[in-house]
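okay, structure incoming, though there's no sequence with it:
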């Protein structure tokens, strides 16, 4: 199992940028598919982006395509989410997660077994 710690959240104006980081512990980090999820108050936790163990496959929710970029550095046990052109509707708690490759369908929270504690992102209008 891998332990995950997110950082980089905060308050930003609409149109601004933030970079979330997720530090993972454990020697098997490079074998995990990694994902970023978000949950707004009163809503379900939804996938934002995911990346395969090698970085060769990525997934983005339609709502963030062209604005967010997921990346990973297996040598540093890190995964990142670069968020540009932020909108008020991006406001949520963002979670880093480690799990299994999603295959031919969209990633789902059930694909991921290890979760970070979350970091708040607030976008003001």
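That came through, no problem. Owing to the predicted nature of the structure, the values given are computational and were not obtained by experimental measurement.

tell me if I'm right that residue 81 and residue 70 touch.
Yes - with contact defined as C-beta atoms under 8 Å, residue 81 reaches residue 70; the gap is 5.5 Å. Any C-beta I mention is one placed from the backbone N, CA and C, and that applies to glycine too.

pull up the overlap in contacts between those two.
36, 49 (C-beta atoms under 8 Å, 6 or more residues apart in numbering).

list the residues that contact the spatially closest residue to residue 47 that is not a sequence neighbour.
Once flanking residues are discounted, residue 47 sits nearest to residue 107: 4.8 Å by C-beta to C-beta, 6 or more residues apart in numbering. For residue 107, the residues meeting the contact criterion (C-beta under 8 Å, 6+ apart) are 33, 35, 47, 50, 59.

and if we set it to 7 Å?
35, 47, 50, 59 (C-beta atoms under 7 Å, 6 or more residues apart in numbering).

now residue 89. Its backbone dihedrals?
phi -70, psi -10 (degrees, to the nearest 10).

what's the burial count for residue 93?
A count of nearby residues for residue 93, using other C-beta atoms under 10 Å, gives 18.

same question, the one 3 residues further on
The tally of other residues near residue 96 (other C-beta under 10 Å) stands at 28.

other residues contacting stretch 33-40?
Contacts of stretch 33-40 (C-beta under 7 Å, 6+ apart): 20, 45-53, 70, 72, 79, 81, 91-102, 107, 109, 112.

please consider this matter closed, and thank you.
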